[in-house]
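Undergrad: Sequence and predicted structure below; questions after.
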Amino acid sequence: MTLVDLLGGVILVALMAYALLAGADFGAGIWDLFASGPRKEGQRQLIEHAIGPIWEANHVWLILVVVVLFTGFPAAFSAISVTLFAPLVLLLIGIVLRGAAFTFRAYDERGDLVQRRWGALFSAASVLAPFLLGLLVGALASGRLRVNPAGLPRSSALDAFTPFTFATGLLACAVFAFLAATYLTVEAEGELREDFRRRALIAGVAVFATAALALFLSSDEAPRVFSGLTQHGLSIVLHLATAAAALGAFAALLRRRPRLARACAAGQVVLIVLGWAASQYPYLVVPDVTLASAASPLKTQVALLIALAIGAATLFPSLYLLFRVFKGERPLALSDKEPPRRG
Amino acid sequence: MSDLIAARSLFGTSLAFHIVFAAIGVAMPLFMVLAEWRFRRTGDPVHLELAHRWSKGTAILFAVGAVSGTVISFELGLLWPRFMVFAGPLIGMPFSLEGFAFFAEAIFLGIYLYGWERVGPRFHLASGGLVALSGAVSAFFVTLANAWMNQPAGFALVQGKAEQVAPWRAMFPPGWAHEVIHVLLSCYAATGFAVAAIHAFYLRGAPRSAFHRAALGITLGVGGAAALLQPLSGDYSARAIALSEPWKLAAAEAHFETGRDVPLRLGGLPDVETRTTRFALEIPYGLSLLAFHDPHAVVQGLDAFPRDAWPNPLLVHLAFDAMAGIGLLLALVALAGALLALRERAVPTHRRYLAAVVIAGPLGFVAMEAGWLVTEWGRQPYVIHGVMRTAEAVTPVGNLSLPLAAFVLLYLVLAFTVGVLLRRQIAHAGDAARPVTEGGR
């Protein structure tokens, strides 16, 4: 394993953290959009309460991905920016609207029409942003984005928008909604807990459906992904593990074990991200940009790893503190047998 | 509109927008934590109310700063991919460390905002302190990257490529110290005066309001101190730039011809065709004195540099005069406030003085934008001085006026909304001496 692989690994871990944390915040926004039934307002309040203190910290994982990418793999950052210009601009607009609208709604003091409109914008942008994230990932893997050695695009701006990338966009929405619903099942109580348990089960089915659709379309549109997903020995193991995590999450939800379900759902998402990464390793942009071809000079790689180590030493204790304060005494617990939560 | 102009307009608009919120994100947490600290020491409920109100304002402004900063981190690649291929390995260090400072800021702001009832008083105060500290650290790192663009270091240029890359040396390029000091002071001065102006405005209607007096005390205390130090920092910067970036100083001072005994030109319109500056007020020996502390010193003019490497002296000079003029004005207002406060041993609340603070309020941010324009326009036509021209860095993607229009619209909507929200927040503030219950474990 080289330093380049290590840096690629850092990006992968940051992406996983982003999917698990910020992804769930996006998913919560999706459930804000689909809030319904007699406890509609209760659902929205729980969502606001759950993501309020943490969403900004969760968002920073994306900044970390961008920074490590342009420091460690500047040619890939450039190639991605150029070939995926249009969806990236749309993603930015989605991110800005989501963050701003959430804050504006949370801090506006009257519960009037204006505030409801912010809520609508927040939830609409919470669908747009993860859809585009999934679309971007699908496009990177598809092999349709071509750049020449000088970093100039050789593909059209519309090559990112295909049935396959739409399917990966929908898959991202489903995955994030599934994560959010399982997390919220842990945090909710009483009938609200049932609301989100049902939503988690529905979203779990949607994950299966969209994943199957993406796999089906990939055989034609993203052959490398398809062969990576279906032929390598390692990826078969990954699939089995992903399937096991998914079934575990379903079983735990059905048996009303929310903490276990949350752990399985998180494991499932980690394995999905890992599966995607494995299917396109060692490419950053299939098929023209690899980890090695885009890497910065060795001295920068070393310095970056040192900076990341220093940063991680400050980050992880702080993050643990944040989740301990807002997500209970045992923020990572698996067992559902626990002392009653603090009020 | 050419794509280069569109790209520069989009990036410039994004930064001009973000800078305001970034600066507030540096200074506002300090004000808020100082208010809480006063409350913890004195038990004065007015300071607790102030900390609450300010933390809500900080939450709104920080969120806008966070998302607009995200836009910029992506736009680096979207608009300037060739710049990033060259510069990424060199300025990545400060940016990645800034990422972690941003993490700390977001994490502890979350704890601060939502943790009033959940964590103990010391932990809460310490979280606020960490937000203030990491905000300043973020600004420190980001400014290092800008200093590198002005005076690139830490590599050897071989056939247009960076060889022998030394990332840690690139992180602290020559000139980093004066730029960092100037930027940090400007954050506290601009935010301090802007917030002070809001409270001064309400104090004019309710001169006895303990709430607004307390607010004025903290914001003018910090902002005024920064405004008083800023001319000293400006002098340090000017002397450093006279040696290291003489083209920028020449453009800022509308100084065309190299020579000794150079006057300082205030105002006026530099004309590159005739190489003269019309309508300027000239102070004999002024520039020689400012740049080298010697009335007879030789100061390089624009004529010392190739014509195709000149910045536009009209823009740079006007921006520079706006920045320096406002800076001096704010220092005077701060000085007057300090004298009044010393004489009366209280926060100054004379109507005339309050009026002066209200007028000075928005000017700090005008000076900050102008100062940023001086350093950016003063580096043109280069994006990395002497290494890469801005025109070479721009993306090959076309039709950039489309995203430009979209983002300008987005920023206008956000600015308007933030204004409305803050008005609503402020309208409720300090109007009642309502009983405050203190939460804790």
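TA: Looks like it came in fine.

Undergrad: what about the residue of the stretch 101-250 of chain A found nearest chain B, how many neighbours?
TA: Using C-beta to the nearest C-beta, the single residue of the stretch 101-250 of chain A nearest to chain B is A:Thr103, 3.7 Å away. The C-beta positions use only the backbone N, C-alpha and C, and glycine is treated the same way. For A:Thr103, the count of nearby residues is 25 (other C-beta atoms under 10 Å in any protein chain shown).

Undergrad: give me the element it is part of.
TA: helix A:85-107 (DSSP states H and E).

Undergrad: Same question for that helix: list its buried residues.
TA: A:85-107 (16 or more other C-beta atoms under 10 Å in any protein chain shown).

Undergrad: There's contact between the residue of the stretch 101-250 of chain A closest to chain B and B:Ala63 in this structure, I believe.
TA: Yes. With contact defined as C-beta atoms under 8 Å, A:Thr103 reaches B:Ala63; the gap is 3.7 Å.

Undergrad: Which element, helix or strand, includes whatever residue of chain A ends up closest to chain B?
TA: Proximity to chain B, evaluated over chain A using C-beta to the nearest C-beta, is greatest for A:Thr71 at 2.4 Å. Using DSSP H and E, A:Thr71 sits in helix A:55-72.

Undergrad: so that helix versus helix A:85-107, what angle?
TA: 150 degrees (axes from the mean of the first three to the mean of the last three C-alpha atoms, to 10 degrees).

Undergrad: List the buried residues in helix A:55-72.
TA: A:55-72.

Undergrad: quick revisit: helix or strand for the nearest residue to the residue of chain A closest to chain B once chain neighbours are set aside, which one?
TA: With C-beta to C-beta, 6 or more residues apart in numbering or on different chains as the criterion, A:Thr71 has its nearest non-adjacent residue at 2.4 Å, and that residue is B:Gly92. Under the criterion of DSSP H and E, B:Gly92 resides in helix B:81-114.

Undergrad: just checking, what packs against the helix or strand following that helix?
TA: Following helix B:81-114 in sequence order, the next helix or strand is helix B:121-150 (DSSP H and E). Applying 3 or more C-beta pairs under 8 Å, 6 or more residues apart in numbering or on different chains; DSSP states H and E, we find helix B:121-150 packed against helix B:3-42, helix B:81-114, helix B:167-171, helix B:176-205, strand B:382-384.

Undergrad: what do you get if the cut-off is 7 Å, keeping everything else the same?
TA: Judged by 3 or more C-beta pairs under 7 Å, 6 or more residues apart in numbering or on different chains; DSSP states H and E, helix B:121-150 is in contact with helix B:3-42, helix B:81-114, helix B:176-205.

Undergrad: mind checking which of the ones you listed is nearest A:Gly143?
TA: helix B:81-114 (20.8 Å; C-beta to C-beta).

Undergrad: and the angle for that closest one with helix B:176-205?
TA: Going by the same axes, to 10 degrees, helix B:81-114 makes 40 degrees with helix B:176-205.

Undergrad: pLDDT on helix B:81-114, on average?
TA: Averaging pLDDT along helix B:81-114 gives 95.

Undergrad: again, but for stretch B:180-190
TA: Stretch B:180-190 comes out at a mean pLDDT of 98.

Undergrad: Near chain A, which residues of the stretch 1-150 of chain B are found?
TA: Taking C-beta under 7 Å from any C-beta of the partner chain as the measure of proximity, the stretch 1-150 of chain B contacts chain A at B:56, B:59-60, B:63-64, B:66-67, B:70-71, B:73-74, B:76-78, B:81, B:84-85, B:88-89, B:92-93, B:95-97, B:99-100, B:102-104, B:106-107, B:109-111, B:113-115, B:118-119.

Undergrad: Quick check on these: which are buried?
TA: Judged by 16+ other C-beta under 10 Å, buried ones among the residues of the stretch 1-150 of chain B next to chain A: B:56, B:59-60, B:63-64, B:66-67, B:70-71, B:73-74, B:76-78, B:81, B:84-85, B:88-89, B:92-93, B:95-97, B:99-100, B:102-104, B:106-107, B:109-111, B:113-115, B:118-119.

Undergrad: What residues does the stretch 301-441 of chain B have near chain A?
TA: Counting by C-beta under 7 Å from any C-beta, the stretch 301-441 of chain B sits next to chain A at B:395-397, B:403, B:406, B:410, B:414, B:417, B:421, B:424, B:428.

Undergrad: can you rerun that using 8 Å?
TA: B:395-397, B:403, B:406-407, B:410, B:414, B:417, B:421, B:424-425, B:428 (C-beta under 8 Å from any C-beta of the partner chain).

Undergrad: Closest to B:Arg260 out of the residues you listed?
TA: Once C-beta to C-beta is applied, the member of these that ends up nearest B:Arg260 is B:Thr395, at 45.2 Å.

Undergrad: Can you report how many residues neighbour B:Ser2?
TA: For B:Ser2, the count of nearby residues is 11 (other C-beta under 10 Å).

Undergrad: Report the separation between B:Leu34 and B:Gly129.
TA: Here the criterion is C-beta to C-beta, to the nearest Å. By it, B:Leu34 lies 10 Å from B:Gly129.

Undergrad: nope, B:Gly77 is what I was after
TA: From B:Gly77 to B:Gly129 the distance is 35 Å (C-beta to C-beta).

Undergrad: okay, and for the stretch 301-441 of chain B, where does confidence drop off?
TA: B:428-441 (pLDDT under 70).

Undergrad: by contact count, what packs against the helix or strand containing A:Asp220?
TA: Assigned by DSSP H and E, A:Asp220 belongs to helix A:190-221. When contacts are defined as 3+ C-beta pairs under 8 Å, 6+ apart, helix A:190-221 packs onto helix A:23-33, helix A:40-51, helix A:163-187, helix A:223-230, helix A:233-254, helix A:258-280.

Undergrad: okay, the angle between the fifth one and helix A:190-221?
TA: Think helix A:233-254. Going by the same axes, to 10 degrees, helix A:233-254 makes 160 degrees with helix A:190-221.

Undergrad: Now do helix A:233-254 against helix A:258-280, angle only.
TA: 160 degrees.

Undergrad: Over helix A:233-254, what's the mean pLDDT, rounded is fine.
TA: According to the model, helix A:233-254 has a mean pLDDT of 89.

Undergrad: Which elements pack onto that helix?
TA: Using 3+ C-beta pairs under 8 Å, 6+ apart, helix A:233-254 sits against helix A:163-187, helix A:190-221, helix A:223-230, helix A:258-280.

Undergrad: what's the most buried one of those?
TA: Highest mean neighbour count of the helices and strands packed on helix A:233-254: helix A:163-187, a mean of 26 (counted as mean count of other C-beta atoms under 10 Å in any protein chain shown).

Undergrad: roughly how far is it from the heart of the chain?
TA: 8 Å (C-alpha atoms, centre = their mean, to the nearest Å).

Undergrad: Over to stretch B:197-205?
TA: Per C-alpha atoms, centre = their mean, the centroid offset for stretch B:197-205 relative to its chain is 24 Å.

Undergrad: Buried residues, that stretch. List them.
TA: B:197-203.

Undergrad: Please identify which of these is nearest to B:Phe320.
TA: B:Ala197 (24.1 Å).

Undergrad: which residues sit in contact with the closest one?
TA: B:357-362 (C-beta atoms under 8 Å, 6 or more residues apart in numbering or on different chains).

Undergrad: can you do 6 Å?
TA: Contact analysis of B:Ala197 by C-beta atoms under 6 Å, 6 or more residues apart in numbering or on different chains lists B:357-358, B:361.

Undergrad: how about the strands of the stretch 151-300 of chain B, start to end?
TA: Under the criterion DSSP state E, counting those that start in this stretch, the stretch 151-300 of chain B carries strands at the ranges B:156-158, B:161-163, B:264-266, B:269-271, B:276-278, B:281-283.

Undergrad: could the ones you listed go into a markdown table alongside distance to B:Gly371, mean pLDDT and mean neighbour count?
TA: Formatted as a markdown table, these follow (distance: least, C-beta to C-beta, whole Å; pLDDT from 0 to 100; neighbours: other C-beta atoms under 10 Å in any protein chain shown):
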| stretch | distance to B:Gly371 | mean pLDDT | mean neighbour count |
| --- | --- | --- | --- |
| strand B:156-158 | 29 | 94 | 11 |
| strand B:161-163 | 29 | 91 | 15 |
| strand B:264-266 | 17 | 95 | 18 |
| strand B:269-271 | 18 | 94 | 18 |
| strand B:276-278 | 21 | 92 | 15 |
| strand B:281-283 | 21 | 94 | 12 |
